[in-house]
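> fold the following and give me the result.
(chains A and B)
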Amino acid sequence: RKEVEQDPGPFNVPEGATVAFNCTYSNSASQSFFWYRQDCRKEPKLLMSVYSSGNEDGRFTAQLNRASQYISLLIRDSKLSDSATYLCVVNGANFNKFYFGSGTKLNVKP
Amino acid sequence: NAGVTQTPKFQVLKTGQSMTLQCAQDMNHNSMYWYRQDPGMGLRLIYYSASEGTTEKGEVPNGYNVSRLNKREFSLRLESAAPSQTSVYFCASSERAETQYFGPGTRLLVL
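Residues are numbered from 1 along each chain as shown, chains lettered A, B, ... in the order given. Presented below is the predicted three-dimensional model:
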């Protein structure tokens, strides 16, 4: 079983739509959770960390459900510039090691 | 403040050739990582270094060696390149289990 699993998509949505991605992880001991954004042929960049109580950054909301071992990302009022691949990242039993999901591709259309 | 830098940006090798990918960070981070990214596979950890002088294997270490030269630099060596090592290689650094910062990547083609 993979450490981190994501729906690869693509999610094709119109501008202004709300879209949600989920990610599941296998290690119940994981302590750090992140969403990264990766544009085509570029390096991943941190979008936001995910905290136990949930957190929001503008149009982006991240949630963590430890009992079910999943993380979610909600994007409201989608912009064309949100088109990218979103990577779910979780650390493992060795907290220095990170595991990446294969990414969910989002296409926002005019 | 350059963050994480990688050289080279592109490389073409023939099967059996060797090369070293260089990575340096100027954020004074203890941890450094090497990943490879293949289409549809996400990033997979090759090796990481939790601190200067230590290295540990990740998910896919076969065919690679690493050196943590000092706190700033972490190099990845392919001793005898194979077509299966065609990939995009990313170096990253972080402070413990916090945010990782990535270099721009090295695109490697092995013929």
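> which parts of chain B sit against chain A?
For chain B, the residues in contact with chain A (C-beta under 8 Å from any C-beta of the partner chain) are B:31, B:33, B:35, B:40-45, B:48, B:50, B:56, B:58, B:90, B:96-105. Bear in mind the C-beta positions are built from the backbone N, C-alpha and C, glycine included.
> repeat that for 6 Å
Applying C-beta under 6 Å from any C-beta of the partner chain, we find that chain B lies next to chain A at B:31, B:42-43, B:50, B:90, B:97, B:99, B:102, B:104-105.
> could you check how far the closest residue in space to A:Thr18 that isn't next to it in sequence is from B:Gly103?
Closest residue to A:Thr18 in three dimensions, ignoring its sequence neighbours and counting by C-beta to C-beta, 6 or more residues apart in numbering or on different chains: A:Arg76, at 5.0 Å. Spatial separation of A:Arg76 from B:Gly103 under the definition C-beta to C-beta, to the nearest Å is 32 Å.
> which residue of the two possesses the greater neighbour count?
For A:Arg76 against B:Gly103, the residue with the higher neighbour count under other C-beta atoms under 10 Å in any protein chain shown is B:Gly103, and the figures read 24 against 14.
> distance of that one from B:Val4?
From B:Gly103 over to B:Val4 the distance is 4 Å, taken as C-beta to C-beta.
> please apply the same query to B:Ser87.
B:Ser87 is 18 Å from B:Val4, by C-beta to C-beta.
> which strands and helices sit next to the helix or strand B:Ile46 falls within?
Using DSSP states H and E, B:Ile46 sits within strand B:42-49. For strand B:42-49, the elements it packs on are strand B:31-38, strand B:64-68, judged by 3 or more C-beta pairs under 6 Å, 6 or more residues apart in numbering or on different chains; DSSP states H and E.
> residue ranges in chain B under the pLDDT threshold?
Within chain B, the ranges that satisfy pLDDT under 70 run B:1.
> still on that earlier bit, how far does the strand holding B:Ile46 sit from its chain's centre?
Strand B:42-49 has its average C-alpha position 8 Å from the chain's average C-alpha position, going by C-alpha atoms, centre = their mean, to the nearest Å.
> who does whatever helix or strand comes next after it pair up with?
Once the chain leaves strand B:42-49, the next helix or strand it forms, by DSSP H and E, is strand B:56-57. Partner strands and pairing direction for strand B:56-57 (DSSP bridges) are strand B:42-49 (antiparallel).
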